[in-house]
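Colleague: quick one, fold the following:
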Amino acid sequence: MSNARLTLDADIYERPLGEVPGGLRIDLNYLETNNDFSFDLDPDTETDKAVKLTGKTVAGHDWVLIRNDRVVIFDGRVTVTIAGASGGGQTSRDGQLDAIARIQGRSTLTRAKSAKGEPVESALPAVLGGLSALPEGAILPVEFTLQFTVEFGDLAKDDPRRPALKCLERELYFGFAEYSCKSSIHHIKITARSAEFVADLVSKAGTSGAKGGAGAKRSSGLSCDAAGYRDDG
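Modeller: This next block holds a predicted model:
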């Protein structure tokens, strides 16, 4: 189990595809503007020094189903171009390479909040309005899983990015996202940890909660409670 953290945020354009049995199908197109990807691997059994991958999302589509019961299901793929890595204060300028992320998530429209954190359930649109029909500035929390396939190509064996890239590809990641509805262009920001790391945290939180509280917060910057997982870092 690695001590790794990733973030992915990007502007998104929504394109309704039409009604399907049980709801509405929409296509979310990840844009190349205003986006960022980072993956931090702290020193542990994987590597003796911290490694940071940085990059940009260059393409991606999310096939979203908004069901008639207002459950929102995300199922997409995003290509991230990784530009380099830093470790020990140095930066590698080696050639770029791609990683393809399979992203799956779930939420409900009733969880949407205003920019001030207030419920917007009274202003929820009909399902056929799609995510764009949510009130301006509304934020929809979403739980996601991410799994990456890295295109290593002829990457050198001593490339400082290799330990982090191997970790990125090997593990399943679980994360919490904020999907922001802003006019015609939306934005999503996902923060994730390895699924094993989160499961271990939840287990420890349950033990701690039984002794003295409903939740637990640890120095890792993560907290978990009855509502699920979030990242406080």
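
Colleague: in this structure, which spans are helices?
Modeller: 162-170, 195-212 (DSSP state H).

Colleague: how much space between the residue sitting nearest the centre point of the chain and residue 22?
Modeller: Centre of the chain computed as the mean C-alpha position; nearest residue by C-alpha atoms, centre = their mean is residue 190, 2.8 Å away. For residue 190, the distance to residue 22 equals 26 Å [C-beta to C-beta, to the nearest Å]. In short, each C-beta sits where N, CA and C put it, glycine included.

Colleague: also residue 173?
Modeller: The value you get for residue 173 to residue 22, if C-beta to C-beta is used, is 29 Å.

Colleague: same check, this time on residue 109
Modeller: Computed as C-beta to C-beta, the residue 109 to residue 22 distance reads 15 Å.

Colleague: ok, what's across the strand from residue 80?
Modeller: residue 57, residue 99 (DSSP bridges).

Colleague: mind listing what it touches?
Modeller: Shown in contact with residue 80 (C-beta atoms under 8 Å, 6 or more residues apart in numbering): 8, 37, 55-58, 98-101.

Colleague: highest neighbour count among those residues?
Modeller: Counting neighbours by other C-beta atoms under 10 Å, residue 8 comes out on top of those with 27 neighbours.

Colleague: residue contacts, it?
Modeller: Taking C-beta under 8 Å, 6+ apart, one finds 36-37, 57, 78, 80, 101, 146, 188-190, 192 in contact with residue 8.

Colleague: out of the residues you listed, which comes closest to residue 200?
Modeller: Distances from residue 200 to the contacts of residue 8, taken as C-beta to C-beta, are shortest for residue 192 (14.8 Å).

Colleague: what about the closest one, how many neighbours?
Modeller: So residue 192, with other C-beta under 10 Å, has 26 neighbours.

Colleague: got the contact list for it?
Modeller: Counted by C-beta under 8 Å, 6+ apart, residue 192 has contacts 5-8, 144, 146, 173-176, 231.

Colleague: residue contacts, the spatially closest residue to it that is not a sequence neighbour?
Modeller: Spatial nearest neighbour of residue 192, excluding adjacent residues (C-beta to C-beta, 6 or more residues apart in numbering): residue 175 at 2.7 Å. Contact analysis of residue 175 by C-beta under 8 Å, 6+ apart lists 6, 143-146, 190-193, 229, 231.

Colleague: how much space separates residue 95 from residue 155?
Modeller: Taking C-beta to C-beta, one finds residue 95 at 8 Å from residue 155.

Colleague: ok, what's across the strand from residue 61?
Modeller: Taking DSSP bridges as the rule, residue 61 bridges to residue 29, residue 77.

Colleague: quick one: it and residue 29 touch, right?
Modeller: Yes. Using C-beta atoms under 8 Å, residue 61 is in contact with residue 29, at 6.0 Å.

Colleague: please name the residues that touch the nearest residue to residue 76 once chain neighbours are set aside.
Modeller: Of all residues not flanking residue 76 in the chain, residue 62 sits nearest, at 3.0 Å (C-beta to C-beta, 6+ apart). Residues near residue 62 by C-beta under 8 Å, 6+ apart: 12, 27-28, 30, 74-76, 78, 103.

Colleague: give the residue spans of the chain that score low on pLDDT.
Modeller: 1-2, 43-49, 84-94, 121-128, 201, 206-233 (pLDDT under 70).

Colleague: now the strands for it?
Modeller: 4-20, 23-30, 36-41, 51-67, 71-87, 90-92, 97-108, 139-150, 173-180, 185-194, 216-217, 222-225, 228-231 (DSSP state E).
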